[in-house]
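Participant: A predicted structure for the sequence below; I have some questions about it.
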Amino acid sequence: MGSAFTQPHVSPVLQSSKVPSSRIGRIFHYGGLAASLGYGAATEFLRRSATSPDGTDSQQSSLIMTEANIKRLVSKLSQMRGAALKLGQFMSIQDTHVLPPDLDEIFRRVQNGAHYMPDWQMEGVLKSSLGPSWATNFTSFDRVPFAAASIGQVHRAVLPPSASPTGREERVAVKVQFPNIADSIATDLGYVKMLLTAGKLLPKGLFLDRTIHVMKEELADECDYAREADFLRKYRAPELLGNDRRFKIPWVWEGSTKHVLVMEHVDGMTMGDASISALPQTDRNEIASRVMELCLRELFEFRLMQTDPNWTNFLWNPKAKQISLIDFGATREYTKEFMDMWLHLLQAAAAEDREACAHWSLELGYLTGQENETMLDAHINSMILLATPFRDSTPQPFAFGPGSQWTDITARIRANIPVMLRYRLTPPPRETYSLNRKLSGGFLLATRLHAVVDARELWNRITGRYQFDH
């Protein structure tokens with residue numbers, strides 16, 4: 001939902017369609033999708049058989065993942081919204097290269113492809129959440145949203161002085177959740193699992209059951225806008241970012257509910273905007289440095305992290321030289337015990353201590369102790385490569401982007417991924433699903449900005465203050 005606060009000229013072209021809100025309705029749509037994919041596969045089989053009588057062409061690539069079927073999947077996921085679209089958006093911003101190209105193409109197309117509710121359906125959500133006279137809370141309200149995502153859409157509005165926390169008329173962004181979207185999570189993910197399993201689209205080392213279980217829990221949290229509002233308030237507190245003028249956290253209107261979230265409208269260019277790459281090098285370095293510093297502070301000071309790495313969750317105000325953080329639905333809290341072990345592992349990786357890497361990986365649950373040497377080497381090598389920017393021996397400032405040392409590092413990590421997917425015996429620790437998303441997102445942003453960052457100084461300053469209990 002980070003695109004909620006972008007300016008009109010960078011918003012995607014949106015389409016309106018009714019959100020299927022009943023369980024029967026959603027089952028009907030998924031059933032229709034499965035039937036249409038089967039029809040498309042059969043048609044493709046007949047086409048290939050006709051053009052290649054010996055049948056060799058029909059074996060070369062997937063009958064399911066044709067261009068026509070990819071379009072069917074993108075269209076249906078965009079219409080359905082909910083967990084299926086969220087899974088697509090989540091997987092589209094990963095840079096792990098573990099997905100088959102056809103599946104990766106689907107997820108990338110749906111990232112900004114959500115439809116928005118028709119007016120009558122939006123009206124129903126607002127009435128049920130804010131009351132039949134909901135419109136009296138606003139001086140003005142744009143009924144057509146300027147952004148839509150997996151679980152809701154966002155409208156521009158203006159609060160009158162009497163309702164505004166500042167006592168002045170204020171522009172706000174109003175997030176309106178799609179009806180019954182929280183109740184559809186289990187059903188949606190079940191059908192997505194069925195499609196992925198039937199099409200044999202994912203390697204077994206991804207542990208799809210565990211991934212879907214974690215996503216189910218995380219999505220249930222993200223559907224609670226009251227929870228998100230609480231995290232917004234926490235991040236605005238002086239002990240977190242409230243006194244740090246380098247960042248801006250929007251205030252929340254106290255009339256917000258579980259399904260409607262009203263917050264301060266903030267200006268700026270999103271990190272997903274192509275124009276961000278045209279900023280001066282000093283600005284790009286500063287943005288990447290701040291985001292990396294924020295990631296480390298969230299882990300080792302706050303033990304609280306906004307884990308959605310979507311670039312549109314960060315806005316840069318070039319005049320104020322300020323980063324605005326605008327989406328806290330995916331915020332996660334971590335225990336001190338977990339963070340102690342996680343930091344021990346990263347410190348071991350930065351020190352290139354292979355024995356300690358294996359020990360802390362076992363303690364965290366990355367490894368079972370029964371892995372073969374091939375898997376063990378691939379895992380430890382990947383951890384050590386990932387920690388390269390923080391290593392004492394690494395020249396600083398560290399350059400990201402094409403042609404840099406980081407490009408070679410990421411290529412070597414990717415080369416280990418097929419090995420780990422083949423030999424992995426257990427899924428990663430639950431906490432690391434969201435945590436790794438954000439960390440990889442931070443590195444990807446630095447790469448996209450071609451930034452140069454003194455990564456070791458950030459690492460030493462923040463981790464040097466950490467007090468271990470274990």
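Facilitator: Looks like it arrived, so ask away.
Participant: quick one, grab the pLDDT at Phe231.
Facilitator: pLDDT recorded at Phe231 is 98.
Participant: what's in contact with the host helix or strand of it?
Facilitator: For Phe231, the element it lies in under DSSP states H and E is helix 225-236. Under the contact criterion Cβ atoms under 8 Å, 6 or more residues apart in numbering, helix 225-236 has outside partners 175, 177, 221-222, 240-242, 249-252, 256-261, 263, 304, 306, 325, 327-329, 331. Backbone N, C-alpha and C define where each C-beta goes, glycine included.
Participant: neighbouring strands of the helix or strand just after it in the sheet, and parallel or not?
Facilitator: Per DSSP H and E, helix 225-236 leads on to strand 247-248 as the next helix or strand towards the C-terminus. Using DSSP bridges, strand 247-248 pairs in its sheet with strand 322-325 (parallel).
Participant: can you give me the strands for the protein?
Facilitator: 140-141, 147-148, 152-159, 170-177, 247-248, 260-264, 269-270, 304-306, 314-317, 322-325, 331-333, 398-399, 452-453 (DSSP state E).
Participant: okay, the ones you listed, which one's buried deepest?
Facilitator: strand 147-148 (a mean of 26; mean count of other Cβ atoms under 10 Å).
Participant: from the contact counts, what lies against that one?
Facilitator: strand 152-159 (3 or more Cβ pairs under 8 Å, 6 or more residues apart in numbering; DSSP states H and E).
Participant: before we move on, the earlier item: between strand 170-177 and the helix holding Phe231, find me the angle.
Facilitator: Counting by axes from the mean of the first three to the mean of the last three Cα atoms, to 10 degrees, helix 225-236 points 140 degrees away from the direction of strand 170-177.
Participant: for helix 225-236, buried residues please.
Facilitator: In terms of neighbour count (16 or more other Cβ atoms under 10 Å), helix 225-236 has its buried residues at Tyr225, Arg227, Glu228, Ala229, Phe231, Leu232, Lys234, Tyr235, Arg236.
Participant: I'd like to check the angle between that helix and strand 260-264, please.
Facilitator: Going by the same axes, to 10 degrees, helix 225-236 makes 20 degrees with strand 260-264.
Participant: what distance do you get for the spatially most central residue of the chain to Leu445?
Facilitator: In the chain, the residue lying closest to the centroid (Cα atoms, centre = their mean) is Asp308, at 3.7 Å. The gap separating Asp308 from Leu445 is 13 Å, by Cβ to Cβ, to the nearest Å.
Participant: and the helix holding Phe231, how far out from the chain middle?
Facilitator: For helix 225-236, the separation from the chain centroid amounts to 18 Å (computed by Cα atoms, centre = their mean, to the nearest Å).
Participant: got it, and stretch 146-154?
Facilitator: With Cα atoms, centre = their mean, you get 15 Å for stretch 146-154.
Participant: kindly check the end-to-end length of that stretch for me.
Facilitator: One end of stretch 146-154 to the other measures 6 Å (Cα to Cα, to the nearest Å).
Participant: and the end-to-end length of stretch 394-401?
Facilitator: Separation of the first and last residues of stretch 394-401 by Cα to Cα is 16 Å.
Participant: meant to ask about stretch 326-345
Facilitator: End-to-end distance (Cα to Cα), stretch 326-345: 31 Å.
Participant: okay, now the unreliable bits of the stretch 1-150 of the chain?
Facilitator: 1-114 (pLDDT under 70).
Participant: oh sorry, the question was meant for the stretch 251-400 of the chain
Facilitator: By pLDDT under 70, the stretch 251-400 of the chain has no low-scoring segment.
Participant: show me where it has its helices.
Facilitator: With helices called from DSSP state H, counting those that start in this stretch, the stretch 251-400 of the chain shows them at 281-297, 336-350, 354-364, 373-386.
Participant: dump the ones you listed into JSON lines; add mean neighbour count as well.
Facilitator: Converted to JSON lines, those look like this (neighbours: other Cβ atoms under 10 Å):
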{"stretch": "helix 281-297", "mean neighbour count": "20"}
{"stretch": "helix 336-350", "mean neighbour count": "19"}
{"stretch": "helix 354-364", "mean neighbour count": "18"}
{"stretch": "helix 373-386", "mean neighbour count": "18"}
